[in-house]
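1. next come a sequence and a model predicted from it.
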Amino acid sequence: MTDTLPPHWDLSQLYTFGSPGLERDMGELKELSHNFLRWRERLSDPGFAPEEFKSALDELVGLQERVERLAGFADLSFSEDTADQRYTSFLGVVEEAAADLANDTLFFELWWKGLPEERARGYMDSVAGHRYFLNRIRDFKPYTLSEPEERVVNLKEVTGAQSLVALYDSITSRYRYQTSFLPEPALLGREEFSVHFRSHDPLTRRGAYREFYSVWSAQGPVIGQIYQSLVRSWRIENVVLRGYASPQSVRNRRNDLTDEAVASLLKVSREEAPKVFGRYFAKKALLLGLPRFTRYDVYAPILEESGGPIPFAEACSLVDSAFRGFSPRMADLAARVAADGRLTARLMPGKRSGAFCRSILPEDTPWVLMSYNGRLQDVFTLAHELGHAMHSMLAADEGVFQFQAALPTAETASTFSEMLLAQALLKGETDPKRRASLLCHVLDDAYATIGRQAFFALFEVEAHRMIEEGATPDELSDAYFRNLCEQFGDQIAVPPEFRWEWVSIPHFFHTPFYVYAYTFGELLVFSLWRLYEKEGPPFADRLIRILSKGGGASPADILASAGVGPLDDDFWRGGFKVIGEFVDAIWMPPRHTRGMAARWEKSP
């Protein structure tokens, strides 16, 4: 982590293409998967003993670990270079192998769902460490098809939705953006180009956004058709065939949240986010000296970054210091990611945009992908992704089926890590303007993770309904623009090019209804932060208890066991209240007036 050049991971720790180990494991997976079929006959025997059930489940765990390792290698390779045809092809091969495994083991899942409750409890007593996973399988019994139908769904997924998502990634990762608004124009990929969205110069921000959405809108109708197909596939399988109440109910069920809990989250966010972030943007406009605040200015820095790019080694030191001040154990876990060669942060052509943490097996150090440009924002991204990695490592004892947290709590460690970094930077800063700038950074991220994602979720609900009714991509863009106008109100101008922003949001394509998990996680973290302020250092143990459960219980149960909740309207409003206190804490020059702020406070 001390090299000038950001690190690049070593995927050979998993496999190398064409290696005997890769070919062997692919072959053994197929062989062992078929071998698992021998349990079908034993399951029908009334004398099937708990000891045999444990043996069968242990074998299933082994198969899952094998496929996770192969799928992890395929996904990481593809993410490293989405333009490499070898990686795209191999990803398809592994996805097909995973579908074959799902079909070969499907009988076991269906048998388990169909067992009487008393008999199921007897088996679970022999495998207590997998209790939540096994109960969750049974929860989905009402939405399960027949075995032949489930087999068809598994196989069609490989050439259906999964291939459409890969196509979306392949097409859009090739987009290039011209910096004609700069003195020395250049053609850049998304990660390098997106730094200009946060430029201190308003003309640069405007030029960057116009160029970005010019590229996306040119192919918007085509990308929109991919989205329409994914939405229809999601609805046909889950609502028409499986019988879920709505497209969003599918994700709610998988997240082990009730429809009512998610509706509460989005209702409160719809009411509170425009008010609290509107008040923030009013202050920010005054700090920036802007007579009119527009969507171009949402992520504008209050102060221009000085001193050049932050060296990667310094970024690592800042993150490590912030983590270590809270919990040396968590800091040591985060340090393992780079030390074990599991971090890639270099700018590379064809590299998947954005950032992610990929946890493959519970006993292994997770993998982190990001593109480091030397900005303060990149330092926060590093803290965020290392937070994900810490979460997985803390939950390693939960095993392969339960160590990964459900989506709503999956953002807990990552967003709390960003708060720790912000706290550490604020402690070391005495200049009121720079402190205001850091608070604005926290609130920019809070808006991006709470307000923005909540309105993304509201758009998704509307988009799925509209596509069912035959809406075109242009009509979806109109709906998205109305969503933006509601989000920002009359006080912030939204330029027309933003109507195509929705096609540039990968989560809409990759994981339908994922985005409300960000709102859930960030509001939760603000509530946890309030507890941390009250309790001080002992709070670290409470947070570690939450994180160590991984996906071993429902989000509500995990939080309740740590004294957090219930997840009702008042809980979510409590999170917004903490955000409002951050807004109040922003230093303003003595000469400022409350003109714009007053207008916001009177806005509905």
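-> That came through, no problem.
2. give me the low-pLDDT residue ranges for the stretch 51-200 of the chain?
-> Low-confidence segments of the stretch 51-200 of the chain, defined by pLDDT under 70, are absent.
3. ok, the chain next?
-> In the chain, residues with pLDDT under 70: 1-3, 590-604.
4. for the closest residue to Lys54 other than its chain neighbours, what are phi and psi?
-> Nearest residue to Lys54, sequence neighbours excluded (Cβ to Cβ, 6 or more residues apart in numbering): Ser126, at 4.8 Å. All C-beta atoms are positioned from the backbone trio N, CA, C, and that covers glycine. The phi/psi pair for Ser126 (degrees, to the nearest 10) reads phi -90, psi -10.
5. surely Ser126 and Glu52 touch.
-> No: between Ser126 and Glu52 there is no contact under Cβ atoms under 8 Å: 9.4 Å.
6. would you map the strands across the protein?
-> With DSSP state E, the ranges of strands along the chain come out as 177-178, 187-188, 343-344, 356-358, 367-369.
7. and of the ones you listed, who's closest to Trp9?
-> Comparing the strands of the chain by their distance to Trp9 (Cβ to Cβ), the top pick is strand 343-344, with 4.3 Å.
8. which strands border that closest one, and is each parallel or antiparallel?
-> According to DSSP bridges, strand 343-344 has the following sheet partners: strand 367-369 (parallel).
9. list the contacts of the partner strand.
-> Outside strand 367-369, the residues that touch it by Cβ atoms under 8 Å, 6 or more residues apart in numbering are 9, 72, 76, 79-80, 337, 342-344, 351-352, 355-360, 385-386, 388-389.
10. just the helices in the stretch 1-150 of the chain please.
-> Counting by DSSP state H, counting those that start in this stretch, the stretch 1-150 of the chain has helices at residues 20-35, 39-43, 50-80, 85-104, 106-114, 117-124, 131-139, 147-159.
11. flag every buried residue along the last one.
-> When you say that, I think you mean helix 147-159. Neighbour counts using 16 or more other Cβ atoms under 10 Å place 150-151, 153-154, 157-158 of helix 147-159 among the buried residues.
12. is it true that Met26 touches Leu70?
-> Yes: counting by Cβ under 8 Å, Met26 touches Leu70, with 6.6 Å between them.
13. where do the contact lists of the two overlap?
-> 94, 97.
14. compare these two and say which is more crowded by neighbours.
-> Neighbours per residue (other Cβ atoms under 10 Å) separate Met26 from Leu70, with Leu70 holding more: 23 against 17.
15. show the contacting residues for Leu32.
-> Contacts of Leu32 by Cβ under 8 Å, 6+ apart are 59, 62-63, 66.
16. between those residues, which sits nearest Arg545?
-> In terms of Cβ to Cβ, no member of those lies closer to Arg545 than Gly62, at 29.2 Å.
17. find the nearest non-adjacent residue to that closest one, please.
-> Among residues not flanking Gly62 along the chain, Leu32 sits closest, at 7.5 Å (Cβ to Cβ, 6+ apart).
18. repeat for Leu426
-> Nearest to Leu426 is Leu438, by Cβ to Cβ, 6+ apart, at 5.4 Å.
19. how deep is that neighbour tucked in, by neighbour count?
-> 20.
20. that older thread, how far away is the residue nearest to Lys54 from Phe53?
-> Using Cβ to Cβ, to the nearest Å, Ser126 is found at 6 Å from Phe53.
21. higher neighbour count, those two?
-> For Ser126 versus Phe53, the count of surrounding residues by other Cβ under 10 Å is larger for Phe53: 22 against 15.
22. that one: what's its closest spatial neighbour, skipping adjacent residues?
-> Tyr123 (4.6 Å).
23. any idea how far Phe401 is from the one you found?
-> As judged by Cβ to Cβ, Tyr123 and Phe401 stand 15 Å apart.
24. quick one on the thing from earlier: contacting residues for the residue nearest to Leu426?
-> Taking Cβ under 8 Å, 6+ apart as the criterion, Leu438 is in contact with 422, 425-426, 429.
25. out of those residues, flag the one nearest to Val503.
-> The nearest member of the contacts of Leu438 to Val503, counting by Cβ to Cβ, is Ala422 at 31.7 Å.
26. please tell me how far that closest one sits from Thr82.
-> In terms of Cβ to Cβ, Ala422 sits 32 Å off from Thr82.
27. now do Arg151
-> From Arg151 to Thr82 the distance is 30 Å (Cβ to Cβ).
28. please apply the same query to Glu59.
-> Counting by Cβ to Cβ - Glu59 and Thr82 are separated by 35 Å.
29. more neighbours, the two?
-> Between Glu59 and Thr82, Thr82 has the larger neighbour count (other Cβ under 10 Å), namely 22 against 17.
30. so that one sits against Pro349, correct?
-> No: using Cβ under 8 Å, Thr82 is not in contact with Pro349; the gap is 9.9 Å.
31. neighbours of His34, just the number please.
-> Count around His34 with other Cβ under 10 Å applied: 12.
32. that one reaches Asp104, doesn't it?
-> Yes: His34 is within contact range of Asp104, at 6.1 Å (criterion: Cβ under 8 Å).
33. doesn't Lys113 make contact with Lys141?
-> Yes: between Lys141 and Lys113 there is a contact under Cβ under 8 Å: 4.4 Å.
34. and the two? which has more neighbours close in?
-> Lys113 (15 against 12).
35. who's in contact with the more buried one?
-> With contact taken as Cβ under 8 Å, 6+ apart, Lys113 is in contact with 137-138, 140-141, 144.
36. same thing but at 7 Å, please
-> 137-138, 141, 144 (Cβ atoms under 7 Å, 6 or more residues apart in numbering).
37. can you say which of the residues you listed are buried?
-> For the contacts of Lys113, buried by 16+ other Cβ under 10 Å: 137-138, 144.
38. now the residues you listed as TSV including distance to Ser89?
-> Formatted as TSV, the buried ones among the contacts of Lys113 follow (distance: Cβ to Cβ, whole Å):
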residue	distance to Ser89
Ile137	32
Arg138	37
Thr144	32
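39. for those residues, which one is nearest Gly551?
-> Distance to Gly551 across the buried ones among the contacts of Lys113 (Cβ to Cβ) is lowest for Ile137, with 13.2 Å.
40. wait, the closest one sits on Leu110?
-> No: when contacts are counted by Cβ atoms under 7 Å, Ile137 is not listed as touching Leu110 (9.6 Å).
41. now the common contact residues for these two.
-> Between them, Ile137 and Leu110 share no contacting residue under Cβ under 7 Å, 6+ apart.
42. any buried residues in stretch 501-515, and which?
-> By neighbour count with 16+ other Cβ under 10 Å, stretch 501-515 contains the buried residues 501-509, 512-515.
43. with stretch 211-225 instead?
-> 211-213, 215-217, 220, 223-224.
44. before we move on, what about stretch 329-342?
-> Counting neighbours by 16+ other Cβ under 10 Å, one finds that the buried residues in stretch 329-342 are 329-331, 333-338, 341-342.
45. for Phe455, find the nearest of the strands of the chain.
-> strand 356-358 (22.4 Å).
46. what is that closest one packed up against?
-> Contacts defined by 3 or more Cβ pairs under 7 Å, 6 or more residues apart in numbering; DSSP states H and E place strand 356-358 against helix 50-80, strand 367-369, helix 376-394.
47. can I get stretch 246-264 as CSV, trimmed to CA atoms?
-> Backbone C-alpha positions of stretch 246-264 (Å, rounded to 0.1, in the frame of the first residue of the first chain) are rendered in CSV as follows:
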residue,chain,number,x,y,z
SER,A,246,-45.8,-6.8,-6.6
PRO,A,247,-42.4,-6.6,-8.3
GLN,A,248,-41.0,-4.8,-5.2
SER,A,249,-42.4,-7.5,-2.8
VAL,A,250,-39.9,-9.9,-4.3
ARG,A,251,-36.9,-7.9,-3.0
ASN,A,252,-38.6,-7.2,0.3
ARG,A,253,-39.1,-10.9,0.9
ARG,A,254,-35.5,-11.7,-0.1
ASN,A,255,-34.4,-8.9,2.3
ASP,A,256,-36.6,-10.4,5.0
LEU,A,257,-38.5,-7.2,5.4
THR,A,258,-42.2,-6.7,5.3
ASP,A,259,-43.8,-4.6,2.6
GLU,A,260,-45.1,-2.4,5.4
ALA,A,261,-41.6,-1.7,6.7
VAL,A,262,-40.3,-0.7,3.3
ALA,A,263,-43.4,1.4,2.6
SER,A,264,-42.7,3.2,5.9
